[in-house]
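**Student:** Coordinates for the following, if possible.
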Amino acid sequence: MTLRPLQHTQTQPGEIAMPFAPSVVLNNGQQCIAQHYLRYQHTLDSITQIASQIEFDQHTPIFAGQDHSGLYIQVGLIGRENYDRSNTLRPHKLVYGRKWRIDSDTPTSEIIQTIFIAIKKAREHEVRELLTLRNRAGKTSAALSNHHDLPLMAQQRDQLLRTTQAIADPVASIRQQLAELRFAQRQIELVSVEQRTNQSYLIDLQLGEAPLARKLEGDFSEFDQLAITLILRHDQLHQLAYALMDELIAHSDRHVAEQFRFQGYPRFSRSNDLMAIANLSMQTRPYARDMANKSFERIFRASNYDVDASRAPALGMDKLGQKNRQLIDGFTELLGHLPQGYLQASSTHPAKTA
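**Tutor:** I've put the predicted structure just below:
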């Protein structure tokens with residue numbers, strides 16, 4: 001019998017079925033070809049079409065583009081100037097996150113997940129700017145933002161590292177730290193502190209009322225009256241601001257997970273049934289059946305090899321290349337694809353067998 005490649009109806013642009021790719025019939029009777037049996041040849045047009053099927057909110061435009069470095073996704077945020085803390089209404093401002101590079105052979109699902117992560121990280125950038133610290137002189141800084149001079153901080157490390165100090169009154173320490181902090185110009189109220197038997201403290205906080213101008217603007221309303229619970233050991237009480245930031249970012253991430261939609265489906269929502277997802281995944285992976293077709297098995301394994309090989313970066317001969325070569329040399333019988341140029345470098349600088 002002559003084998004013929006199955007005709008695959010593309011559900012997304014940029015997807016092509018491997019020759020002889022088998023299909024599966026799902027429990028609900030629907031037939032499909034699993035994504036791991038597809039090859040991807042994405043273009044700006046296909047990435048644009050994928051991005052257009054994503055919904056989040058009216059303040060977060062998603063852009064797809066191409067420049068001399070290749071394809072990319074970029075998220076914008078329409079909001080207010082975080083560093084303007086006046087009592088007046090602030091105009092809207094459009095800012096942009098970093099460009100997230102997309103290889104043309106990136107699976108469609110990974111492109112969707114990249115956009116999901118890009119939205120989370122763009123919002124995290126804003127959240128980090130909204131938590132402010134006031135010093136004794138009454139001046140305010142977003143100490144946990146991403147805009148600090150890291151090389152300068154490394155030079156000033158002796159001035160920046162905290163010395164361990166005993167805390168005689170934990171509740172007083174917590175109150176003092178909270179008095180110095182604001183989130184989006186809101187006070188952070190201490191609701192209760194409970195000492196646990198293992199020398200840890202259960203700390204209940206709540207974001208206070210925003211100034212009138214901030215209420216009228218309505219930005220980041222998902223943080224209104226937010227209740228937060230922290231658990232800190234006695235020797236971690238000085239880390240309260242860090243723990244608070246962790247919870248604020250986690251709340252933002254959860255908001256994205258619940259609101260993000262692809263073709264109307266909330267992929268990352270916790271309303272999904274994990275067992276149902278697992279069962280669907282297992283239905284699309286009858287590898288023992290599929291690898292029995294030797295013609296397809298050769299194509300499948302060769303395709304996977306080529307994709308993995310294309311991901312391997314160039315090692316380089318500079319200081320970073322030497323550092324990475326020494327790191328890799330520390331492992332024997334290392335599986336996977338070695339960086340391009342590694343074997344040549346190893347012949348010049350003999351190392352362990354890899």
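
**Student:** Could you tell me which helix of this protein is the longest one?
**Tutor:** The longest helix of the chain (DSSP state H) is helix 108-130.

**Student:** Identify each buried residue in the helix or strand following it, please.
**Tutor:** Using DSSP states H and E, the helix or strand that follows helix 108-130 in sequence is strand 131-134. The neighbour-count check on strand 131-134 (16 or more other C-beta atoms under 10 Å) flags 131, 132 as buried. C-beta coordinates here come from the backbone N, C-alpha and C atoms, glycine included.

**Student:** Quick one: mean pLDDT over the longest helix of the chain.
**Tutor:** Mean pLDDT, helix 108-130: 97.

**Student:** Please state the offset of it from the chain centre?
**Tutor:** 6 Å (C-alpha atoms, centre = their mean, to the nearest Å).

**Student:** same question, stretch 35-42
**Tutor:** With C-alpha atoms, centre = their mean, you get 23 Å for stretch 35-42.

**Student:** likewise stretch 290-306?
**Tutor:** With C-alpha atoms, centre = their mean, you get 32 Å for stretch 290-306.

**Student:** Now it - C-alpha only, CSV.
**Tutor:** Provided in CSV are the C-alpha atoms of stretch 290-306 (Å, rounded to 0.1, in the frame of the first residue of the first chain):
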residue,chain,number,x,y,z
ASP,A,290,2.6,6.6,15.8
MET,A,291,6.3,5.5,16.0
ALA,A,292,5.3,2.1,14.6
ASN,A,293,5.1,3.9,11.2
LYS,A,294,8.9,3.9,10.4
SER,A,295,8.5,6.3,7.5
PHE,A,296,6.9,8.9,9.8
GLU,A,297,9.2,8.1,12.7
ARG,A,298,12.3,9.0,10.6
ILE,A,299,10.7,12.3,9.6
PHE,A,300,9.5,13.1,13.1
ARG,A,301,12.9,12.5,14.7
ALA,A,302,14.8,14.3,12.0
SER,A,303,12.5,17.3,12.4
ASN,A,304,13.0,17.4,16.1
TYR,A,305,16.7,17.1,15.7
ASP,A,306,16.8,20.0,13.2
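
**Student:** Give me the residues contacting that stretch.
**Tutor:** With contacts defined as C-beta atoms under 8 Å, 6 or more residues apart in numbering, stretch 290-306 is touched by 3, 18, 19, 20, 21, 22, 37, 39.

**Student:** repeat that for 10 Å
**Tutor:** Identification of contacts with stretch 290-306 by C-beta atoms under 10 Å, 6 or more residues apart in numbering yields 3, 5, 18-24, 34, 36-39, 105, 286-287, 337.

**Student:** Quick check: ChimeraX command selecting the buried ones in those.
**Tutor:** In ChimeraX, this line selects whichever of those come out buried by 16+ other C-beta under 10 Å:
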select :18,20,21,22,24,34,37,38,39
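
**Student:** Select from the contacts of stretch 290-306 every entry located in helices.
**Tutor:** Per DSSP H, the contacts of stretch 290-306 map to helices at residue 287.

**Student:** Which of the contacts of stretch 290-306 fall within strands?
**Tutor:** Under the assignment DSSP state E, these contribute 24, 38, 39 to strands.

**Student:** How about the first one: what's its closest non-neighbour residue?
**Tutor:** With sequence-adjacent residues excluded and distances taken as C-beta to C-beta, 6 or more residues apart in numbering, residue 24 is closest to residue 284, at 5.7 Å.

**Student:** can you check the last one too?
**Tutor:** Spatially, and ignoring its direct neighbours in sequence, residue 39 is nearest to residue 16 (4.9 Å; C-beta to C-beta, 6+ apart).

**Student:** gap between the residue nearest to residue 24 and residue 102?
**Tutor:** 24 Å (C-beta to C-beta, to the nearest Å).

**Student:** out of those two, which sits in the more crowded spot?
**Tutor:** residue 102 (22 against 15; other C-beta atoms under 10 Å).
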